[in-house]
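Asker: Need the 3D shape of this:
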Amino acid sequence: MYYQVNPDSSRYWNFKALEHAEKADDLLHRAAIENFIGLSHMHQENYEEAIVWFKKSAKKMAEMNNKQNTAMLLNNIGASYNEMQQSSIAMKYFLLAQKIEWDNEHQQVVLLLDLNLGNVYEDLGQDSLALDHYHKSLSLTDPETDPYNHGLNQHNIGVVLFMKDQSSKEGLARQKIAHAIASKHEYANLATMSGSELANY
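Answerer: Next up is the predicted model:
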């Protein structure tokens, strides 16, 4: 995604596009552009600014009854709050998004929501709930078509199992799977995280 490669330039061109969408009174494209602006801020860890843009976009998507994108934006807002260590607020947005999505079964959104809910419960020290959501998210991924999220869930499950029992054979096996996926696809961050965990066993 361009916002990941060059977020500043991405925002510049998105603001230009936003001007045209506003002149055309094109609500859908305005909302989509605002989301991209939010993502560019999120990528640069400007989480408060990202939330401002995600909320603008979410409001428009809700007005259009676009449930899938509304849920995704609520997920983005929750993820931003979670990055700022505001777990209780993050949880509120994830649960709002989840309530929308269970009725519509958009798989990609659901797996991200369960992944994020697992993160929040892990941060709160609620291991059983964290594992439950990580396993649900994992069940919606495929190691061939979605290797990153598959590996990330394996890593997260391994982390929680290690916290519960530092000699967990299952936890070790999960980290090995995550590290193999990271090595095969050259996911540097996942390789670092899983490698660090493997060094602890």
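
Asker: Spatially, what comes nearest to K164 if we skip its sequence neighbours?
Answerer: Nearest non-adjacent residue to K164, counting by C-beta to C-beta, 6 or more residues apart in numbering: D127, 5.7 Å away. Where you see a C-beta, it was placed from the backbone N, CA and C, and this is true even at glycine.

Asker: Got phi/psi on that neighbour?
Answerer: Main-chain dihedrals, D127, degrees, to the nearest 10: phi -60, psi -40.

Asker: Pull the contacting residues for it.
Answerer: Shown in contact with D127 (C-beta atoms under 8 Å, 6 or more residues apart in numbering): 121, 160, 163-164.

Asker: Strands of this protein, residue ranges please.
Answerer: Counting by DSSP state E, the chain has no strands to list.

Asker: Spit out the contact partners of Y93.
Answerer: So Y93 contacts 74-75, 77-78, 81 (C-beta under 8 Å, 6+ apart).

Asker: 7 Å - rerun?
Answerer: Contacts for Y93 (C-beta atoms under 7 Å, 6 or more residues apart in numbering) come out as 74, 77-78, 81.

Asker: now swap in D142 and tell me
Answerer: H150.

Asker: where does it fall, phi/psi-wise?
Answerer: With angles defined as degrees, to the nearest 10, D142 sits at phi -130, psi 130.

Asker: Local confidence estimate at it?
Answerer: D142 is assigned a predicted lDDT (pLDDT) of 92.

Asker: try N156
Answerer: N156 is given a pLDDT of 98.

Asker: what's the spacing between it and L190?
Answerer: 11 Å (C-beta to C-beta, to the nearest Å).

Asker: what about the two, which has more around it?
Answerer: N156 (24 against 21; other C-beta atoms under 10 Å).

Asker: pretty sure the more buried one contacts Y134?
Answerer: Yes: the criterion here is C-beta atoms under 7 Å, and N156 meets it with Y134 at 4.9 Å.

Asker: Mutual contacts of those two, please.
Answerer: Common contact partners of N156 and Y134 (C-beta under 7 Å, 6+ apart): G118.

Asker: how many other residues sit next to E22?
Answerer: Quick note: E22 (other C-beta under 10 Å) scores 13 neighbours.

Asker: Please pull out the lowest mean pLDDT helix or strand from this structure.
Answerer: helix 2-5 (a mean of 48; mean pLDDT, DSSP states H and E).

Asker: Poorly predicted segments of the chain, please.
Answerer: In the predicted model, the chain carries pLDDT under 70 at residues 1-8, 101-106.

Asker: what do you get if the cut-off is 90, keeping everything else the same?
Answerer: For the chain, the stretches flagged by pLDDT under 90 are 1-27, 30, 33, 36, 43-44, 98-110, 164-168, 200-201.

Asker: Contact partners for M72?
Answerer: V109.

Asker: circling back: tabulate the contacts of Y93 (TSV), appending neighbour count and distance to D26.
Answerer: Below are the contacts of Y93 laid out as TSV (neighbours: other C-beta atoms under 10 Å; distance: C-beta to C-beta, whole Å):
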residue	neighbour count	distance to D26
L74	27	22
I77	28	23
G78	29	27
Y81	22	29
